Every structure is written in C-alpha cells, then in structure tokens.
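*Asks:* Predicted model, plus sequence, below.
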Amino acid sequence: QKEVEQDPGPLSVPEGAIVSLNCTYSNSAFQYFMWYRQYSRKGPELLMYTYSSGNKEDGRFTAQVDKSSKYISLFIRDSQPSDSATYLCAMSKGSNYKLTFGKGTLLTVNP
Amino acid sequence: GAVVSQHPSWVICKSGTSVKIECRSLDFQATTMFWYRQFPKQSLMLMATSNEGSKATYEQGVEKDKFLINHASLTLSTLTVTSAHPEDSSFYICSARVSGGYNEQFFGPGTRLTVL
C-alpha cells in the first residue's frame, strides 16, 4: 500500500461547479498537509497548508483534514477555467521532514 | 513573497556532458532545499535534500556521484547532472523551505533537461 493515494482522474467539470479533490494516507504520523496546484510544464504552487485535523478556508478554496479517517480534501467553489491544472496533495511527519506527494489529480474546468 | 527561481528553464545537451541547474530563493533564506525529478504524467520524486553548508542527503536509488548537489549559501543550491545520458532526460524541480517557518515548501518553475 502506498503511503499516499490520490485518484489521478482526469476530472472534468463545468465552470461554476464545486470540485472535490481527495487523498488518503496510511501513515498516522503525518501531521502537516498541503495542496499544490501545478500547471503543465510549471513548478507546483502552494495553495493550502494545514496542520493536524480541521478546516481551513482561503477564498474559493477549502482544505479539510480528518486524521481519524486518514483522509484529506480540497474543495474549490465556483470553479473557473483557470483552475484547470493538476492538483497534488502532500504531507509530512513534522516541520523538518520531507514531503510525501500523491500522484496528482488532473482537473479540467470547461467554460 | 516566497519566490524560487531556477536556471536554466530548459537545456539540451549531448550524451556524456555535464549540466548544472541553479535554484535560488529570491526573497527569503532557505536552510533546506530539495531536488525533485518528474517524468511526464507522474508525481514528483524526491532525489535529495540539500542543507546549507553540509552534504546533501540522497534518496534510495539516487546516485550521489551522478547528481552532484551543492548548497553553498542560504539562497542558492545547484544540481549538476554529470555524464548525462538520454534516460536522465526529465523535468527537474527544486523547492526551498523557509528557515524558521513551518514546513511549507516553495517550488521553482522547473528545468526541462533533454539529453540527446
């Protein structure tokens, strides 16, 4: 079993839809959780960062962490064509530990 | 803030030559930088962790003599691919972790290496 599982998609939604992206993990030691957005042929861009369980909201983006279920989510409200990208979840055991990435989910928002 | 640059953005070289890629944190100090490799439609694979002033820590299966890493200052790390072969062709991305911060890593734009 891989440490981090993420459905690679592809996921295609109409503009304005609510998008739900998810990752599951097996290592209960993970404490820091991140979501990155990566456009084609570009480096990943940090979108959301959370520590331990709970929700965090930033504009149209909401990140949720459920450590009891080892499950994290990213919600995108009012999705836009510019949101079309690959979304990568990442997590680490502590502030000085390396990140473990999911495979990424390719999202397309159709106008 | 938190901008990371990479140079060059793309490079084509002949088999057997060496290529150096630079990674700079432009507006913050980074005690630790990371080097990743990404193949098409794959996730990022960590190659090594680079700490300023000390030797890099390589992931299992990554040849340290082939992928030379130098982190000489708090804002610059370099990756040198020595004696490059076509199978080294990939997208190389660096990231930097803010010194004294949490565990956010900020990524550079990547360098596409093609070895002929």
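*Replies:* Yep, that arrived.
*Asks:* Just the strands from the chain, written as ranges.
*Replies:* With no chain named, the answer covers chain A. Taking DSSP state E as the test, the strands found in chain A are A:4-5, A:11-14, A:19-25, A:32-38, A:45-51, A:54-58, A:61-66, A:71-76, A:85-92, A:100-101, A:105-110.
*Asks:* To clarify, I was referring to chain B.
*Replies:* B:4-7, B:10-13, B:19-25, B:32-38, B:45-51, B:57-58, B:67-73, B:76-81, B:90-97, B:105-107, B:111-115.
*Asks:* returning to what we had before: can you redo the strands of chain A as a markdown table with distance to chain B, mean pLDDT and mean neighbour count?
*Replies:* All C-beta spots, glycine's among them, are computed from the backbone N, C-alpha and C. Output for the strands of chain A, formatted as a markdown table (distance: least, C-beta to the nearest C-beta, whole Å; pLDDT from 0 to 100; neighbours: other C-beta atoms under 10 Å in any protein chain shown):
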| stretch | distance to chain B | mean pLDDT | mean neighbour count |
| --- | --- | --- | --- |
| strand A:4-5 | 9 | 93 | 18 |
| strand A:11-14 | 15 | 96 | 13 |
| strand A:19-25 | 11 | 97 | 20 |
| strand A:32-38 | 5 | 94 | 23 |
| strand A:45-51 | 5 | 90 | 17 |
| strand A:54-58 | 13 | 92 | 12 |
| strand A:61-66 | 13 | 96 | 18 |
| strand A:71-76 | 15 | 97 | 20 |
| strand A:85-92 | 5 | 95 | 24 |
| strand A:100-101 | 5 | 92 | 21 |
| strand A:105-110 | 8 | 96 | 17 |
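*Asks:* TSV for these, including distance to B:Gly16?
*Replies:* Shown next, in TSV, are the strands of chain A (distance: least, C-beta to C-beta, whole Å):
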stretch	distance to B:Gly16
strand A:4-5	37
strand A:11-14	42
strand A:19-25	41
strand A:32-38	32
strand A:45-51	35
strand A:54-58	48
strand A:61-66	46
strand A:71-76	44
strand A:85-92	33
strand A:100-101	32
strand A:105-110	36
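*Asks:* quick one: contacts for residue 58?
*Replies:* Using chain A here. A:47-48 (C-beta atoms under 8 Å, 6 or more residues apart in numbering or on different chains).
*Asks:* that's the wrong chain, I wanted chain B
*Replies:* B:47-48, B:64, B:67.
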